[in-house]
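Student: Sequence first, then the predicted structure:
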Amino acid sequence: MSTSTSAGLRGFASDNAAGVHPAVLEAIAAASAGHAFGYGHDRWTERAENLLKEQFGSGARVYLVWGGTAANVLSLRACCRPWEAAICVDSAHLNVDEAGAPEAIAGVKLLTAAGQDGKLAGEAIERLIVRVGDEHAVQPRVVSISQTTELGTVYSPDEVAAIAELVHAHGLMLHMDGARLCNAAAALHTALAGASTALGVDVLSFGGTKNGLLGAEAVVFTEPGLADGFEYLRKQSLQLASKMRFLAAQFEALLEDELWRSLAEHANQMAARLAAAIDQVPGVTITRPVQANAIFATLPEQSVAPLLEQFDFYVWDERRSEVRLMCAWDTTAEDIDRLAGAVRAVVGA
Ligand SMILES: Cc1ncc(COP(=O)(O)O)c(C=O)c1O
């Protein structure tokens, strides 16, 4: 990794490498004046919960947490009894980047299927819904999809609705890992619910950290029965913030005046600009549809190290030198042009 970000510059490692949006910092500072009851018994949490209900429906039940992994693991924990399982695509964050937390913390076995560009197809889900009622087999209970996917693609509303219909027809629940739901909704020109809960998602991990927050996520249940006892699960899973108002203040800033949309739209536009700039460079192949704020591309192997000396980014698949370039709310056109110029220079050399 280069040290470009330590010099105050921006890299392309992740959208959580970005700083905190000034409006969010201001909201945190404003919430800091005076005292307030802890654990969510404060007016910021009440307002944030109301704003989230405006987004996801007045009947939704909403719980703030610190981390995205925790939001996912807690969502599964709420859905599953000890013998029940979650179905997800093999590239899901749940499966590859949560260090086994769904199994270790939620006690939920993951049943995985290969996907296409990070998406889970209906047939793949159906192939995993087997041995229902067989006491020797783990019982599928929830299907988890990510919006956007780990490979930067976006499920269309029709795709999510079709999965929801299928999942519900089998008596299962649908969870969505919405760590980047803002980017998906911005890409689809829809409301947050229009890319998630309005399409049949029962429980949503709604992420803010990757879109300008300091660190706050929400678990949103549209199926209120699922949320029964969730306050205890959240506490047991170490996610009940004593100074909850600072999580809540972040969400207030994000949701008011659709700040979430302008930040996510900007990140998406920067990714489109970068894709257009490097797509024609001989030796560079964009490997996944660029639909939100991530670009996946293969580069000639020898060009990866020199680029890493100048910019932070992840090598996604070393075997084929596929890299991930992630744009954030604060990525600038100059950042893109600088990276694209370096790619042209290094790959062309
Ligand atoms: C799709 C997705 N879900 C969940 C997470 C988990 O977030 P956290 O790192 O806050 O636990 C991430 C983080 O990279 C992610 O990319």
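Tutor: Here it is on my side, so go on.

Student: For the stretch 101-250 of the chain, what lies in contact range of the ligand?
Tutor: Selection of the stretch 101-250 of the chain residues close to the ligand by Cβ under 6 Å from any ligand atom yields 146, 150, 177, 179, 209. From N, CA and C alone the C-beta is placed, and that goes for glycine too.

Student: Contact partners for residue 53?
Tutor: For residue 53, the contact set (Cβ atoms under 8 Å, 6 or more residues apart in numbering) comprises 59-60, 62.

Student: thinking again about what came up before, okay if I get the residues of the stretch 101-250 of the chain next to the ligand as CSV plus pLDDT and neighbour count?
Tutor: Below are those laid out as CSV (pLDDT from 0 to 100; neighbours: other Cβ atoms under 10 Å):
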residue, pLDDT, neighbour count
146, 98, 28
150, 98, 25
177, 98, 27
179, 98, 26
209, 98, 20
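
Student: Tell me which stretches of the stretch 201-349 of the chain form helices.
Tutor: When secondary structure is read from DSSP state H, counting those that start in this stretch, the stretch 201-349 of the chain shows helices at 230-236, 245-255, 259-279, 301-310, 333-348.

Student: Report the backbone C-alpha coordinates of the last one in CSV.
Tutor: Taking C-alpha atoms only, helix 333-348 is exported to CSV below (Å, rounded to 0.1, in the frame of the first residue of the first chain):
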residue,chain,number,x,y,z
ALA,A,333,-12.4,14.8,-10.8
GLU,A,334,-8.8,15.7,-10.2
ASP,A,335,-8.2,12.5,-8.2
ILE,A,336,-9.7,10.6,-11.1
ASP,A,337,-7.7,12.3,-13.7
ARG,A,338,-4.5,11.8,-11.7
LEU,A,339,-5.2,8.1,-11.4
ALA,A,340,-6.2,7.7,-15.0
GLY,A,341,-3.0,9.5,-16.1
ALA,A,342,-0.9,7.2,-14.0
VAL,A,343,-2.7,4.1,-15.4
ARG,A,344,-2.0,5.4,-18.9
ALA,A,345,1.6,6.1,-18.1
VAL,A,346,2.3,2.8,-16.2
VAL,A,347,0.3,0.4,-18.3
GLY,A,348,1.5,2.0,-21.5
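
Student: Could you report the separation of residue 225 from residue 214?
Tutor: In this view, residue 225 and residue 214 are 32 Å apart by Cβ to Cβ, to the nearest Å.

Student: Could you check which of these two has the larger neighbour count?
Tutor: Here residue 225 and residue 214 are set side by side on neighbour count (other Cβ atoms under 10 Å), and the busier one is residue 214, at 18 against 8.

Student: Confirm for me that that one is in contact with residue 20.
Tutor: Yes - under the criterion of Cβ atoms under 8 Å, residue 214 makes contact with residue 20 at 4.6 Å.

Student: Nearest to the ligand, out of the residues of the stretch 101-250 of the chain next to the ligand: which one, please.
Tutor: Nearest to the ligand, judged by Cβ to the nearest ligand atom, of these is residue 179 at 3.5 Å.

Student: Tell me which residue in the protein sits closest to the ligand.
Tutor: residue 68 (2.3 Å).

Student: so what's residue 88 up against?
Tutor: Contact criterion Cβ under 8 Å, 6+ apart gives 94-95, 110-113, 120, 143-145 as the residues in contact with residue 88.

Student: Also residue 132?
Tutor: Each residue near residue 132 by Cβ under 8 Å, 6+ apart is listed here: 139-140, 170.

Student: which residue packs closest to residue 284, ignoring adjacent ones?
Tutor: Leaving aside its sequence neighbours, residue 284 sits nearest to residue 278 (Cβ to Cβ, 6 or more residues apart in numbering; 5.1 Å).

Student: Count the neighbours of the one you found for me.
Tutor: Per other Cβ under 10 Å, the neighbour tally for residue 278 reads 23.

Student: returning to what we had before: could you dump the contacts of residue 53 into CSV with neighbour count and pLDDT added?
Tutor: Compiled in CSV, the contacts of residue 53 are given as follows (neighbours: other Cβ atoms under 10 Å; pLDDT from 0 to 100):
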residue, neighbour count, pLDDT
59, 10, 95
60, 22, 97
62, 21, 98
